[in-house]
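Undergrad: Have a look at this prediction, sequence included:
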Amino acid sequence: QVQLVESGGGLVQAGGSLRLSCVASRTIFSFNRHALGWFRQTPGKQRELVAAITSGGSTNYADSVKGRFTISRDNAKNTVYLQMNSLKPTDTAVYYCTLGYYTGTYSADYWGQGTQVTVSS
């Protein structure tokens with residue numbers, strides 16, 4: 001079983017930055033062959049795919065975060081990052097790290113426990 005552990009969430013003022021990290025607990029499942037993604041969810045809203053990165057390093061972003069968020073990966077550390085800049089109160093959500101695959105669109109197989117990001121105005 002793959003375990004994903006997020007860190008880096010917290011409270012930040014609008015316009016500020018946060019960097020989320022997510023480490024996969026196992027090393028034998030060929031982390032580098034998997035796509036990775038970050039979702040977010042707020043109460044009463046559908047979970048939203050924020051950013052995803054393929055095994056080859058190609059990235060995709062939700063329109064709402066393009067130009068502000070950057071997803072990256074370090075296969076040697078089994079880690080995926082989400083750099084969030086110019087944060088807005090509307091970015092407030094629980095952010096989930098996922099490991100999955102692409103079949104045209106990104107699908108998640110494994111989920112982290114989530115980390116809260118709160119952006120104050």
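TA: Right, received. Where do you want to start? All figures in this text were calculated on a predicted structure; none of them were measured in a lab.
Undergrad: Pull out the buried positions in stretch 46-62.
TA: Within stretch 46-62, the residues that qualify as buried are 49-55, 60-61, counting by 16 or more other Cβ atoms under 10 Å. Just so you know, the C-beta spots here come from the backbone N, C-alpha and C atoms, and that holds for glycine as well.
Undergrad: do stretch 13-27 as well
TA: Result for stretch 13-27 [16+ other Cβ under 10 Å]: buried residues 18, 20-24.
Undergrad: Can you name the two of the buried residues of stretch 46-62 that sit furthest apart?
TA: 50 and 55 (18.7 Å; Cβ to Cβ).
Undergrad: mind listing the strands for this protein?
TA: Per DSSP state E, the chain carries strands over the ranges 4-7, 10-13, 18-24, 35-41, 48-53, 59-61, 69-74, 79-84, 93-103, 105-111, 115-120.
Undergrad: Let's have these in a markdown table, adding mean pLDDT.
TA: Converted to a markdown table, the strands of the chain look like this (pLDDT from 0 to 100):
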| stretch | mean pLDDT |
| --- | --- |
| strand 4-7 | 95 |
| strand 10-13 | 98 |
| strand 18-24 | 97 |
| strand 35-41 | 97 |
| strand 48-53 | 98 |
| strand 59-61 | 97 |
| strand 69-74 | 98 |
| strand 79-84 | 98 |
| strand 93-103 | 95 |
| strand 105-111 | 94 |
| strand 115-120 | 98 |
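Undergrad: Let's see the distance spanning stretch 68-86 from one end to the other.
TA: Its first and final residues considered, stretch 68-86 spans 6 Å by Cα to Cα, to the nearest Å.
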